[in-house]
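Have a look; sequence and predicted model below, questions after that.
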Amino acid sequence: MATKASTTAGEVLLYIPNLIGYLRVVLTLTSLALMFCAPEMWIAAVLCYVSSFVGDLFDGLAARKFDQCSTFGGLLDMVTDRCSTAGLLCVLSREYGEEPLLALLFTMLIILDISSHWCQMYSTTSLRQHHKSADGNKGRFFLVRWYYASYPFFGYCCVGAEFTYVALYVLARATAEGGGYDATKAFAEYFLMASVPACAVKQVVNVSQLCSSCYAVAEFDAKQKQQ
């Protein structure tokens, strides 16, 4: 009987989807550095950020095509996603700093995004399940189950939320640059009309995910006490 060739940690780190993940990290850090330190290069910053976001699609495709799915890849993917979003929201807090309520809103969105996804990951990992799997989300609030089971709904929420933040950044920079970017400013405003509803739905999903995952952990504790 043939035996499986052993796989080393070094080989996992060099999986093709993980290499794409490292590139995403570089692009995200570059975009944030430009946004904070060279705001006049905001177009390049947006291109880097969007490229990193699109890379999230290709690392998943590569993982399935080359049979290189890994726990490390999933961790890298989630940390990159959460840190990218948090970083952009920090940028927005600065861009809209003259509006305290908006700065507070962006801060609250960071807290909700990180806490809901961390609790979701922790609650499913405790049950030795993937955080997106049907088994891992069994018994969760229907919106959470739908979010992870329906790829179109998942994409609508994620793409809508991220591009809402990108459009807000573009709007802020186009406004700051003045008249030469009137068309860009108008496009960003119209784009926000389409993307904000998706972003709002994503926040409802995040709240549902946070509550469902916390309840699941408490339920797990209760079952452990009964044994």
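Nice, thanks for sending it over. Note that the structure is a prediction, hence the values are computed from the model and not measured.

what's the residue nearest to residue 159 when sequence neighbours are not counted in contact with, if anything?
Nearest-residue entry for residue 159: residue 198, 7.1 Å, with adjacent residues in sequence omitted and distances by Cβ to Cβ, 6 or more residues apart in numbering. Every C-beta, even on glycine, is put in place using the N, C-alpha and C of the backbone. Residues in contact with residue 198 (Cβ atoms under 8 Å, 6 or more residues apart in numbering) are 156-157, 159-161, 164.

By neighbours, which of the residues you listed wins?
residue 161 (23 neighbours; other Cβ atoms under 10 Å).

quick one on the thing from earlier: for the contacts of residue 198, which one is nearest residue 113?
residue 161 (8.7 Å; Cβ to Cβ).

State the distance from that closest one to residue 212.
Distance of residue 161 to residue 212, given as Cβ to Cβ, to the nearest Å: 19 Å.

secondary structure element for the residue nearest to residue 159?
Using DSSP states H and E, residue 198 falls within helix 182-226.

returning to that earlier point: from the contacts of residue 198, which two are the most distant?
156 and 164 (12.0 Å).

Poorly predicted segments of this protein, please.
Scanning the chain for pLDDT under 70 picks out 1-5.

switch the cut-off to 50
1-2 (pLDDT under 50).

Can you show me the helices along it?
9-13, 16-37, 42-65, 71-95, 100-126, 142-149, 151-177, 182-226 (DSSP state H).

Minimum distance to residue 136: which of these has it?
Once the helices of the chain are compared by Cβ to Cβ, helix 100-126 is nearest, at 3.9 Å.

in that closest one, what counts as buried?
103, 106, 109-110, 112-113, 116-117, 119-121, 123-124 (16 or more other Cβ atoms under 10 Å).

ok, now stretch 64-74?
So for stretch 64-74, counting by 16+ other Cβ under 10 Å, buried means 68, 70, 73-74.

try stretch 206-222
In stretch 206-222, counting by 16+ other Cβ under 10 Å, buried: 206, 208-210, 212-214, 216-217.

Centre-most residue in this structure?
In the chain, the C-alpha nearest the mean C-alpha coordinate belongs to residue 81, at 3.6 Å (Cα atoms, centre = their mean).
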